[in-house]
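A.B. asks: model the structure of this input:
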Amino acid sequence: MLNEIFKNIGLMSITGSFIILVILLIYPVSIKIFSARWNYHICILALMFLIIPVGCLIEKSECNVYNQTIIESINEIDYFNDSTNFFENAQLKEIQDKNVSIIETVNESSKIKFIINELYIIWIVGVFVFFLIKFIRVRLFRSQLIKTSFKVEKTDYLYRRLNFIKEDMGLKKKPLLLTNDLISSPMIIGVFSKVLILPEIEFTESELSFIFKHELTHIKKRDLSIKLFAFIINGLHWFNPFVYIIVNHINEVSELACDESVVNKMTKNEKILYGKTILNVVAKSINQKKYYGLALGDTKKGIKRRLNLIMKIKNKSKKRVLISFVILGLVAMVGSTFAYVISPKIDKIKDYKIEEIKNDVFKEEIIKDSTLEKEIIEKEVKEVDFNQKGVLEFFEEVKLNENKVSVDTNEKILIKPVKEGIITSPYGSMIHPITRENKIHTGIDYAMTRGTEIVAADSGEVIGTEENSNEESANSYGKFIIIKHDNGAMTLYAHCSKIMLKKGDLVKQGEKIAEVGSTGQSTGSHCHFEYRINGEHVDPLLYMEK
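C.D. replies: Modelled structure (predicted):
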């Protein structure tokens with residue numbers, strides 16, 4: 001679970017960094033063309049890419065469509081007549097090749113699994129340390145600030161003026177108003193219980209009005225909540241320098257957006273007075289250390305930029321607003337595309353296991369009105385219900401007469417009998433779409449082209465074969481070969497097109513013993529592989545090398 005979270009964090013961090021880079025590159029132009037509020041929102045868009053795994057969501061959506069295509073293809077393998085010979089059809093053979101390619105991708109990805117496991121531990125420790133340090137700093141500052149502040153009484157002019165501005169702006173709640181002689185710049189602290197703290201400095205009536213409007217606009221626009229959101233994302237991506245850059249950039253642009261909202265309907269003279277208020281506050285805030293919260297004061301460079309924008313702010317045309325929305329959408333599309341491109345394609349089959357596809361197929365109502373398909377299904381039922389009598393009697397005799405053997409599942413002694421085969425029917429119970437009954441599949445089926453070599457899963461002696469069966473044979477196993485291994489267990493390979501050995505032959509692990517076919521009760525070229533211990537069938541995958 002944590003591994004997956006860390007992987008997503010890494011992908012989101014890369015995507016977010018790309019979006020942040022784009023935003024920073026276009027900012028010198030966008031701040032002149034579009035509103036400060038638009039530039040603020042596009043920064044928030046970057047934060048969303050840092051917290052939402054867009055690439056994985058797109059990949060998962062595509063994966064569902066892809067998996068459905070694979071399932072439909074396997075339906076055709078299971079239910080079409082043998083004469084169609086699915087894997088000899090060029091178009092469907094391409095799907096098989098894709099599956100093999102995907103499996104190879106998974107195997108390659110396992111090489112970096114150990115590194116990821118180590119990195120996510122480092123990431124968790126970093127997140128914990130980041131939030132711990134920030135929490136302690138904020139807690140100490142807030143505690144010290146509250147202790148040294150004085151509450152403004154309701155009868156005080158400051159309180160009445162704040163209440164008047166609050167009602168004029170349509171706010172339902174106003175922050176707790178305090179004064180403090182240890183600060184020289186107005187600020188707001190708190191997200192849920194907001195506190196507005198003023199320095200104990202004499203302000204004119206107009207300056208006080210502008211200060212209150214500015215700080216209350218931050219509250220109205222929920223800038224403190226956005227700043228907290230950015231802080232959380234910063235903690236999750238503590239290792240990414242681009243995130244620190246965008247967090248500082250958001251603080252800067254939020255002030256510009258706030259100024260824009262305050263002076264939006266002001267006259268030129270009122271804008272000049274507002275600008276002078278900022279300069280007056282900054283003059284009294286020189287060398288003032290910044291803390292958590294939003295302050296009216298800023299750096300010299302930032303103040304110059306703010307004053308220039310304040311005087312240039314004017315109502316934007318509908319055409320420019322429309323263009324701004326189009327560009328915002330384009331940035332989102334580019335970010336989503338980038339996120340999809342960098343997302344590892346291993347995720348495509350994360351929830352897609354070939355061994356489980358068969359059960360999914362049996363749960364679907366895929367057979368409707370086709371008489372031919374119903375006949376093929378009836379043939380499939382026979383395969384589940386009916387096994388070659390002689391083989392079953394042989395294994396029953398083994399149960400009664402052979403010395404009992406024990407094979408530890410920790411000993412991965414078997415290899416795949418068909419090297420490139422794809423498991424289309426796993427071991428265990430399956431639900432049939434017609435009878436809706438649970439049937440036990442006593443082995444696993446490897447689908448592959450006719451003539452593909454079948455090798456011995458382990459060394460041993462051939463103790464039984466059937467070479468006279470053909471595609472029309474009533475024997476469910478068709479042509480088969482049984483090998484007894486040195487540990488006393490046995491393996492069976494069925495539906496073969498050709499048997500290479502005879503009873504009594506000794507065989508080594510990996511040696512060719514037969515070829516894939518579709519003899520007996522079969523609906524497509526495959527190798528039915530069973531592993532028997534004391535005559536009892538068990539899941540071969542438990543004893544097989546990965």
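
A.B. asks: can we go C-alpha only for contacts and neighbour counts from here?
C.D. replies: Noted.

A.B. asks: quick one: contacts for residue 504?
C.D. replies: Residues near residue 504 by CA atoms under 8 Å, 6 or more residues apart in numbering: 461, 462, 463.

A.B. asks: can we see that at 10 Å?
C.D. replies: Residue 504 is in contact with 460, 461, 462, 463, 464, 483, counting by CA atoms under 10 Å, 6 or more residues apart in numbering.

A.B. asks: which strand or helix spans the last one?
C.D. replies: Secondary structure assignment for residue 483, by DSSP states H and E: strand 479-485.

A.B. asks: quick check: the residue lying closest to residue 410 once chain neighbours are set aside vs residue 10, distance?
C.D. replies: Computed as CA to CA, 6 or more residues apart in numbering, the closest residue to residue 410 that is not its neighbour in sequence is residue 543, at 7.2 Å. Using CA to CA, to the nearest Å, residue 543 is found at 36 Å from residue 10.

A.B. asks: report the lowest-confidence entry in the contacts of residue 504.
C.D. replies: Checking pLDDT across the contacts of residue 504, the minimum falls on residue 464 at 88.

A.B. asks: wait, is it part of a strand?
C.D. replies: Yes. Assessed with DSSP: H, G, I helix; E, B strand; the rest coil, residue 464 lies in a strand.

A.B. asks: is it true that residue 217 lies in a helix?
C.D. replies: Yes. Under three-state DSSP, residue 217 falls within a helix.

A.B. asks: tell me how the chain divides into domains.
C.D. replies: With domains defined by automatic domain parsing, the chain comprises 2-119+324-349, 149-323, 354-543.

A.B. asks: identify the bridge partners of residue 531.
C.D. replies: Beta-bridge partners of residue 531, counted by DSSP bridges, are residue 491, residue 538.

A.B. asks: could you list the low-pLDDT ranges of the stretch 1-150 of the chain?
C.D. replies: 1-3, 56, 58-114, 116 (pLDDT under 70).

A.B. asks: strands of the stretch 401-546 of the chain, residue ranges please.
C.D. replies: Counting by DSSP state E, counting those that start in this stretch, the stretch 401-546 of the chain has strands at residues 422-425, 428-431, 438-441, 444-447, 453-455, 460-466, 479-485, 490-499, 506-507, 512-516, 526-533, 536-538.

A.B. asks: quick check: residue 263 touching residue 217?
C.D. replies: No. Counting by CA atoms under 10 Å, residue 263 does not reach residue 217; the two are 11.0 Å apart.

A.B. asks: helices or strands next to the helix or strand residue 225 falls within in the packing?
C.D. replies: Using DSSP H and E, the element containing residue 225 is helix 223-236. The helices and strands touching helix 223-236, judged by 3 or more CA pairs under 10 Å, 6 or more residues apart in numbering; DSSP states H and E, are helix 2-33, helix 36-51, helix 113-147, helix 205-220, helix 241-263, strand 294-295.

A.B. asks: how far away from the center of its chain is the second one?
C.D. replies: Here helix 36-51 shows a centroid-to-chain-centroid distance of 21 Å under the convention CA atoms, centre = their mean, to the nearest Å.

A.B. asks: for that helix, output the C-alpha coordinates as CSV.
C.D. replies: Only the C-alpha atoms of helix 36-51 are listed here, as CSV (Å, rounded to 0.1, in the frame of the first residue of the first chain):
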residue,chain,number,x,y,z
ALA,A,36,-3.6,38.1,-11.3
ARG,A,37,-6.5,35.9,-10.2
TRP,A,38,-6.1,33.8,-13.4
ASN,A,39,-2.3,33.4,-12.6
TYR,A,40,-3.3,32.4,-9.1
HIS,A,41,-5.7,29.8,-10.3
ILE,A,42,-3.2,28.2,-12.7
CYS,A,43,-0.8,27.9,-9.7
ILE,A,44,-3.6,26.0,-7.9
LEU,A,45,-3.9,23.8,-11.0
ALA,A,46,-0.2,22.8,-10.5
LEU,A,47,-1.0,21.8,-6.9
MET,A,48,-3.8,19.6,-8.1
PHE,A,49,-1.4,17.7,-10.4
LEU,A,50,0.8,17.2,-7.3
ILE,A,51,-2.0,15.6,-5.3
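
A.B. asks: let me know how buried residue 409 is, in neighbour terms.
C.D. replies: 12 (other CA atoms under 10 Å).

A.B. asks: what sits against residue 161?
C.D. replies: Counting by CA under 10 Å, 6+ apart, the residues that residue 161 touches are 205, 208, 209, 212.

A.B. asks: now name the helix or strand holding it.
C.D. replies: Going by DSSP H and E, residue 161 is in helix 157-169.

A.B. asks: am I right that residue 444 is in contact with residue 425?
C.D. replies: Yes. Counting by CA under 10 Å, residue 425 is a contact partner of residue 444 at 5.6 Å.
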